[in-house]
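# Fold the following, please.
(2 chains)
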Protein chains: 2
Amino acid sequence: MKIVTCVAPVNIAVIKYWGKRDDKLILPLNDSVSTTLSTEHLCAKTTIMISSEFQSDRLWLNGREENCENPRIQNCLREVYALSRIYEIDGDISAIARQGSGSACRSVLGGFVQWNKGDQDDGSDSLATQLAPANHWPEMRILILVVHEKHKKISSKIGMEQSVKTSELLKYRVSHCVPQRIQDIKQAILNKDFERFAEITMKDSNQFHAVCLDTFPPAVYMNDVSHAIVNFVHCYNKLKGHNALAYTFDAGPNACLYMKEHDVPKVLGLLSVIFPFPGEEDSYIKGISINKDTIPQETQAAFGMEQQIEGSLKYIIHTRLGNGPKKLESQNEHLLTESGVPKNLVV
Amino acid sequence: MKIVTCVAPVNIAVIKYWGKRDDKLILPLNDSVSTTLSTEHLCAKTTIMISSEFQSDRLWLNGREENCENPRIQNCLREVYALSRIYEIDGDISAIARQGSGSACRSVLGGFVQWNKGDQDDGSDSLATQLAPANHWPEMRILILVVHEKHKKISSKIGMEQSVKTSELLKYRVSHCVPQRIQDIKQAILNKDFERFAEITMKDSNQFHAVCLDTFPPAVYMNDVSHAIVNFVHCYNKLKGHNALAYTFDAGPNACLYMKEHDVPKVLGLLSVIFPFPGEEDSYIKGISINKDTIPQETQAAFGMEQQIEGSLKYIIHTRLGNGPKKLESQNEHLLTESGVPKNLVV
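Have a look, this model is predicted:
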């Protein structure tokens, strides 16, 4: 019997992946770049157990048992067993992760990560590489702004398939816009040029959502609150006189804001004013603990944006970059009992 | 003393104008195509009076006096006086209208109109031409869905200037997408192919808003209600099994829906269900009077869209295509008194 428990991080793309060149192998049309978040505040925890006494493969996701016949799960399991054969030798984990969800391949490394689209038909060169570790830019901070989702959204899998089929602008984005942006943002990261990093990040988020809107029927992921957050960031940067804050949105209404550590108290102070929270402040801001600034009346007036409806934001997570997946050594971290079933089952 | 009163129609672009190649002469980067609406339900009414007794030029807009030194007003007046010199001979009215607002040049003709971008530096070939008169497609009906505007919007003048400066996707739209669409929609109009007309119209509206989103900072004109209307149209077309309804959005949240006459009762019936109106039905639907369908429960259930918050739509205008501007002969239509001041002054 052997049991292993790992935590894997969330990654947030600053140059977006949208569109596959191969649907089966999950190979992207363009390179993408992301930051890997710390596993302190957001992570996926997995326990794997092997035993000669088990009758069959079983898998629980969020406490619910899943069907192991699912093709995506099959693809992952096949790769994992192949890896287990070369037991304790590092295999190509990013290629395995890609089988589950394309962008997940970027989560196998910490800091700043590039997923190279690759040129080979078999996908052998479509891998994630680290551009810089998390400690390269230790001042970088992240706020995740969680927004109420009002209507059911189009899955990113379906959305990007539709974009590839119908968006004329996607072709141009992939061939002309992204290659230049990848070069530019790599330079910005290596030079720790926040201004440039912020501008490219915001422009690429906007262009990704533009392509979604150019899809037929359109795939709309941002809502009025998301757009109010965009407005907030531009107002903040105007107030500061430079790009001190950047937004990026994935296939949903939640925002991810990038800033340097010294801007966090002011940004949180202004967010609390513009997006008032109806309940206790403690449950509004999670993650790294920090005292937010009190915003004087004259700054509020000069900010150039009206207060939004109470409760527009559900909560905020304050976090930083991290070092990628890690194995947890303590026995009580395992999600499975000694007999191989989840400790917390959802019935 | 001479007095003339005219009404000029609204036009709604189906291939959008967005971006100038010359800011002073108001010359567009691409051709556009529009429909001219009937002046029965929406129009701009103007009275012009000349008299040897008047001391100076005076101008009232919506009952308020404007400064005649304004450069746009100056440009229009200069052109109008030039025209008056060749009194009662038809001048090039579309070139004059363009001086006031680019897209206004399409309103000088009825039915289906193309504004040719032109190639000359002086703009002499940037003129509107009629593709087909209104009676070419008499079944065509239009619903204007007026949406509550929550926040102040970026003017289309500023928005398009920003797009020309910052949107990479605009370049591709202008050079690759629009020329093909112009050809395709002209064919669809001449063949009265509603399916094709609807698809191109919706795709071009989406692409225009995609370009606005690709602008930096982004220009966001559609809101959650606008996107709910888009969803409504796609649900309706799914229900009918073909593109029986089309949407288009200008630089604002209001929708313009195109359909054939026989679809109007069902569309209005479903709109009343999905976008419930809090007040009297009479004030909800203006314009051409029609009995809307009563929608059975099973159709509502099959429609695939949740009911929106009461009052999401302010009101609906039901109208048709029209023949362009017209001179009103009756004395009591004049907006000015015999002494040359407005009958209704806003103080």
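# how near is A:Lys165 to chain B?
To chain B, A:Lys165 is 13 Å away according to C-beta to the nearest C-beta, to the nearest Å. For glycine as for every other residue, the C-beta is placed from the backbone atoms N, C-alpha and C.
# Find the helix or strand that that residue is a member of.
helix A:156-166 (DSSP states H and E).
# Wondering if the helix or strand just after that helix reaches chain B at all.
Next along the chain after helix A:156-166, taking DSSP H and E as the criterion, comes helix A:168-172. Yes - applying C-beta under 8 Å from any C-beta of the partner chain, one finds helix A:168-172 touching chain B at A:168-169, A:172.
# packing partners for helix A:168-172?
Using 3 or more C-beta pairs under 8 Å, 6 or more residues apart in numbering or on different chains; DSSP states H and E, the elements in contact with helix A:168-172 are helix A:194-213, helix B:168-172, helix B:194-213.
# picking up where we left off before, quick one: which of the residues of helix A:168-172 next to chain B is nearest A:Gly252?
The nearest member of the residues of helix A:168-172 next to chain B to A:Gly252, counting by C-beta to C-beta, is A:Leu169 at 20.8 Å.
# That closest one - nearest residue in space that isn't next to it in sequence?
Setting aside the residues directly before and after it, A:Leu169 is nearest to A:Asp214 in space (C-beta to C-beta, 6 or more residues apart in numbering or on different chains), at 4.4 Å.
# okay, the one you found: pLDDT?
On the pLDDT scale, A:Asp214 is placed at 98.
# One more: A:Thr46?
A:Thr46 is assigned 89 on the pLDDT scale.
# Next, the buried residues of the helix or strand encompassing it.
Element membership for A:Thr46, per DSSP H and E: strand A:43-50. With burial defined by 16 or more other C-beta atoms under 10 Å in any protein chain shown, the residues of strand A:43-50 counted as buried are A:43, A:47, A:49.
# Among those residues, which one lies nearest to A:Gln162?
Taking C-beta to C-beta as the measure, A:Gln162 lies nearest A:Cys43 of these, at 30.8 Å.
# how about that closest one, what does it touch?
The contact partners of A:Cys43, taken as C-beta atoms under 8 Å, 6 or more residues apart in numbering or on different chains, are A:7-10.
# can you redo the residues you listed as a markdown table with pLDDT and secondary structure?
Listed next are these as a markdown table, based on pLDDT from 0 to 100; DSSP: H, G, I helix; E, B strand; the rest coil:
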| residue | pLDDT | secondary structure |
| --- | --- | --- |
| A:Val7 | 92 | strand |
| A:Ala8 | 91 | strand |
| A:Pro9 | 94 | strand |
| A:Val10 | 96 | coil |
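# Buried members of those into ChimeraX, please.
What follows is the ChimeraX syntax selecting those of the contacts of A:Cys43 that are buried according to 16+ other C-beta under 10 Å:
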select /A:7,8,9,10
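# Just give me the closest of the contacts of A:Cys43 to chain B.
A:Val10 (24.9 Å; C-beta to the nearest C-beta).
# Nearest to A:Asn223 among the buried residues of strand A:43-50?
Checking the buried residues of strand A:43-50 against A:Asn223 by C-beta to C-beta gives A:Cys43 as the nearest, at 26.7 Å.
# and the gap between the closest one and A:Ile3?
The gap separating A:Cys43 from A:Ile3 is 18 Å, by C-beta to C-beta, to the nearest Å.
# What of A:Ala210?
As for A:Ala210, its distance to A:Ile3 is 47 Å (criterion: C-beta to C-beta).
# Pop the domain breakdown of chain A in here.
A:2-133+A:325-333, A:140-320 (automatic domain parsing).
# What's the local residue count around the residue in the stretch 51-200 of chain A positioned nearest to chain B?
Nearest to chain B, among the residues of the stretch 51-200 of chain A, is A:Tyr172, at 4.1 Å (C-beta to the nearest C-beta). A:Tyr172: 21 surrounding residues under other C-beta atoms under 10 Å in any protein chain shown.
# Can you tell me the closest non-neighbouring residue to it?
Per C-beta to C-beta, 6+ apart, closest to A:Tyr172 is B:Tyr172, 4.1 Å.
# for A:Lys286, same thing?
Nearest non-adjacent residue to A:Lys286, counting by C-beta to C-beta, 6+ apart: A:Ile317, 5.0 Å away.
# My read is that A:Ser51 contacts A:Glu338, right?
No - shown here, A:Ser51 and A:Glu338 do not form a contact pair, counting by C-beta atoms under 8 Å, at 9.5 Å.
# ok so, going back, looking at the domains of chain A, which one has the lowest mean pLDDT?
Looking at these, the lowest mean pLDDT belongs to domain A:2-133+A:325-333 (a mean of 88).
# Flag every residue of the stretch 101-250 of chain A that's near chain B.
Residues of the stretch 101-250 of chain A lying near chain B (C-beta under 8 Å from any C-beta): A:150-151, A:168-169, A:172-173, A:176-177, A:199, A:202-203, A:206-207, A:209-211, A:213-218, A:220, A:223-224, A:227, A:230-231, A:234.
# Could you pull out the strands in the stretch 51-200 of chain A for me?
Secondary structure of the stretch 51-200 of chain A, counting by DSSP state E, counting those that start in this stretch: strands at A:59-61, A:64-66, A:112-115, A:128-132, A:140-147.
# so which of these gets nearest A:Ala246?
Among the strands of the stretch 51-200 of chain A, strand A:140-147 sits nearest to A:Ala246 (C-beta to C-beta), with 10.1 Å.
# hmm, who's touching the closest one?
If you take C-beta under 8 Å, 6+ apart as the criterion, strand A:140-147 is touched by A:12, A:35, A:37, A:42, A:223, A:225-226, A:229, A:253-261, A:263-264, A:267-268, A:271, A:275, A:288, A:312-321.
# how about a cut-off of 7 Å?
Here strand A:140-147 makes contact (C-beta atoms under 7 Å, 6 or more residues apart in numbering or on different chains) with A:37, A:223, A:225-226, A:229, A:253-261, A:264, A:267, A:313-321.
# Roughly how far does A:Val164 sit from A:Gly19?
5 Å.
# now A:Ser312
31 Å.
# follow-up on the earlier one: export the helices and strands packed on helix A:168-172 to JSON lines and append columns for distance to A:Glu281.
Output for those, formatted as JSON lines (distance: least, C-beta to C-beta, whole Å):
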{"stretch": "helix A:194-213", "distance to A:Glu281": "27"}
{"stretch": "helix B:168-172", "distance to A:Glu281": "41"}
{"stretch": "helix B:194-213", "distance to A:Glu281": "33"}
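# hang on, isn't A:Val178 packed against A:Ile15?
Yes - taking C-beta atoms under 7 Å as the definition, A:Val178 is a contact partner of A:Ile15 at 6.4 Å.
# where along the stretch 1-150 of chain A do the helices fall?
Assigned by DSSP state H, counting those that start in this stretch, the stretch 1-150 of chain A shows helices spanning A:71-85, A:93-100.
# Pull out the buried positions in the shortest one.
Just to be clear, that refers to helix A:93-100. Here helix A:93-100 shows A:93-99 as buried, counting by 16+ other C-beta under 10 Å.
# for the longest one, same thing?
Judged by neighbour count (16+ other C-beta under 10 Å), helix A:71-85 contains these buried residues: A:73, A:75-77, A:79, A:83.
# quick check, nearest of the residues you listed to A:Leu27?
Of the buried residues of helix A:71-85, the one sitting nearest to A:Leu27 (C-beta to C-beta) turns out to be A:Asn75, at 13.3 Å.
# Now do the contacts for the closest one.
Applying C-beta under 7 Å, 6+ apart, the residues near A:Asn75 are A:Gln99.
# if we go to 10 Å?
A:24-26, A:96, A:98-100 (C-beta atoms under 10 Å, 6 or more residues apart in numbering or on different chains).
# tell me the contacts of the nearest residue to A:Ile288 once chain neighbours are set aside?
Sequence neighbours aside, A:His318 is the residue nearest to A:Ile288 in space, at 4.6 Å (criterion: C-beta to C-beta, 6+ apart). Neighbouring residues of A:His318 by C-beta under 10 Å, 6+ apart: A:41, A:141-144, A:257, A:264, A:267-268, A:285-290, A:292.
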